[in-house]
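Build me a model:
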Amino acid sequence: MPKNILVTGANGFIGRHVVHAALTKPAARVRLNQRSPRAAAPHSGSAAETVHADLTDPASLTGLCRDTDAVIHCASLVGGDHDSLRAVNDLGTRALVDEAQRQGVRRIVYISTAAVYGRGPFRGAGPAGLPQAPASAASRTRAAAERHVLAAGGTVLRPHLVYGTGDRWVLPGLAQLLRHLGTGIDCPTLHSAVDVGALAGLAVAAALHEDPLPAVLHANHPRPISTSALVRLVQGHLGLPRRAPLSLRRATELARNSPRALHHLAMLGTDHWFDSDPVWRALGCSPGPAPADGLVRHTGWYGPLLRTAPHRPHRTGPQRSRNRAAGAGLHSAGACLRP
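Now for the predicted structure:
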């Protein structure tokens, strides 16, 4: 029997891939939610229906979930002031869930972020009994959004690093950090990551799944990637001078005048490895390529993107402190990795 699926955040990095994955399923009829009628419609010309509603305007959500079997909630706000983050991530999700329940939606799938756990270390950690300790407004409001979904019997997917075509945060943020330092980092810590296409397929499979699912699932490739390997992959695109990589301690010393760079180094220097085997088994999906291989497959996207900003080696003293901190932030699942 065909199922009607609503995708929120259809114009976003992950949302676009979720729409594409849903459109490949003969059993799915897809409805896209866009906030603005002026936004360019993703997948124009497809069989998907486009509707306009704003999470910050509950009245606009009336009827959004009519005749809908499942909602895949990808919409979120990453940056901004606390009030804006709360309006979209917390209150907006609550309004969406309320509308879904009024319309009898049977399945709500929310793509959240492992940033709700805060700073690690995490090594092979499963969701059971793992406490939340979000330390930024973005991750706190995402955790609040989770509570609304879980209270309605929905399913929460928590990826860590999401990479792939369309990513403007994870690898670009790392590239900015390496430009700031002028070389690489030698750091053996481990991070979970997932190809955005595999994550999208997983979300669609969860929406179409007939049997009960665990409330919270980690959604990463089962095999983590080391910070050193991740850095080497990005260095290959940047053409940085061939210098010996810095130790984490030395990199932290050189970045002392850049709060954002210090934040990224603190995160990269801490294990964020989450046990993600169960979700792929439960839904019968492939986790896609291991991160080291998967990242290479997106060279066509990352190559030009990572080479756009000029190389700015680290400088000490007043001139360096007056410069802006390393540009883009490291983000995960559309959410900032500033736990």
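
Spit out the contact partners of the closest residue to residue 98 other than its chain neighbours.
Leaving aside its chain neighbours, residue 98 sits nearest to residue 58 (7.8 Å; criterion: CB to CB, 6 or more residues apart in numbering). C-beta here means a position set from N, CA and C on the backbone, and glycine is covered the same way. For residue 58, the contact set (CB atoms under 8 Å, 6 or more residues apart in numbering) comprises 95, 98, 99.

for these, which one is nearest residue 48?
The shortest approach to residue 48 among the contacts of residue 58 belongs to residue 99, at 19.5 Å (CB to CB).

From the contacts of residue 58, which land in helices?
Of the contacts of residue 58, the ones assigned to helices by DSSP state H are 95, 98, 99.

Buried among the residues you listed? Make that a ChimeraX selection.
A single ChimeraX command selects the buried members of those (16 or more other CB atoms under 10 Å):
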select :95,99
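
okay, the ones in helices among the contacts of residue 58 in a markdown table with distance to residue 213 next?
Converted to a markdown table, the ones in helices among the contacts of residue 58 look like this (distance: CB to CB, whole Å):
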| residue | distance to residue 213 |
| --- | --- |
| 95 | 24 |
| 98 | 21 |
| 99 | 22 |
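
right, and residue 189 touches residue 268 too?
Yes: with contact defined as CB atoms under 8 Å, residue 189 and residue 268 form a contacting pair (6.6 Å).

Return every residue with contacts to both of those two.
Residues touching both residue 189 and residue 268 by CB under 8 Å, 6+ apart: residue 227.

where does the stretch 101-250 of the chain have low pLDDT?
Along the stretch 101-250 of the chain, no part satisfies pLDDT under 70.

where along it do the helices fall?
Remark: helices assigned in the stretch 101-250 of the chain by DSSP state H, counting those that start in this stretch are 137-151, 170-181, 196-208, 227-238, 248-254.

Which one of those helices lies nearest to residue 48?
So among these, helix 196-208 is nearest, using CB to CB, at 12.9 Å.

For the closest one, name the packing helices and strands.
Judged by 3 or more CB pairs under 8 Å, 6 or more residues apart in numbering; DSSP states H and E, the packing partners of helix 196-208 are strand 3-8, helix 13-23, strand 28-34, strand 70-73, strand 107-111, strand 155-158, strand 161-163, helix 277-283.

Which of those has the lowest mean pLDDT?
Looking at the helices and strands packed on helix 196-208, the lowest mean pLDDT belongs to strand 28-34 (a mean of 92).

Please identify the buried residues of that one?
In strand 28-34, counting by 16+ other CB under 10 Å, buried: 28, 29, 30, 31, 32, 33, 34.

As a markdown table, those residues with distance to residue 109 would be great.
Shown next, in a markdown table, are these (distance: CB to CB, whole Å):
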| residue | distance to residue 109 |
| --- | --- |
| 28 | 13 |
| 29 | 16 |
| 30 | 14 |
| 31 | 14 |
| 32 | 15 |
| 33 | 14 |
| 34 | 19 |
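
nearest to residue 151, of the residues you listed?
residue 33 (21.1 Å).

Which residue, other than its chain neighbours, is closest to the closest one?
In space, not counting the residues next to it along the chain, residue 33 is nearest to residue 8; the distance is 4.6 Å by CB to CB, 6+ apart.

And the protein, what are its domain boundaries?
Per automatic domain parsing, the structural domains of the chain span 3-164+193-218, 170-192+224-271+289-336.

Single out the most deeply packed of these.
Ranked by average neighbour count under the criterion mean count of other CB atoms under 10 Å, these are headed by domain 3-164+193-218 at a mean of 20.

ok now it, how far from the chain's centre?
Between the centre of domain 3-164+193-218 and the centre of its chain there are 11 Å (CA atoms, centre = their mean, to the nearest Å).

Could you give the separation between the terminal residues of that domain?
Domain 3-164+193-218 has an end-to-end distance of 25 Å (CA to CA, to the nearest Å).

Repeat that for stretch 238-247.
Using CA to CA, the two ends of stretch 238-247 sit 19 Å apart.

Same check on stretch 286-296?
Stretch 286-296 has an end-to-end distance of 18 Å (criterion: CA to CA).

Numbering from 11 from now on, please.
Sure, I'll start numbering at 11, so the last one becomes stretch 296-306.

And the contacts of that stretch?
For stretch 296-306, contacts defined as CB under 8 Å, 6+ apart pick out 171, 173-174, 181, 203-205, 207-208, 211, 230-235, 239-240, 243, 286, 290, 307, 312.

Many thanks, we can stop here.
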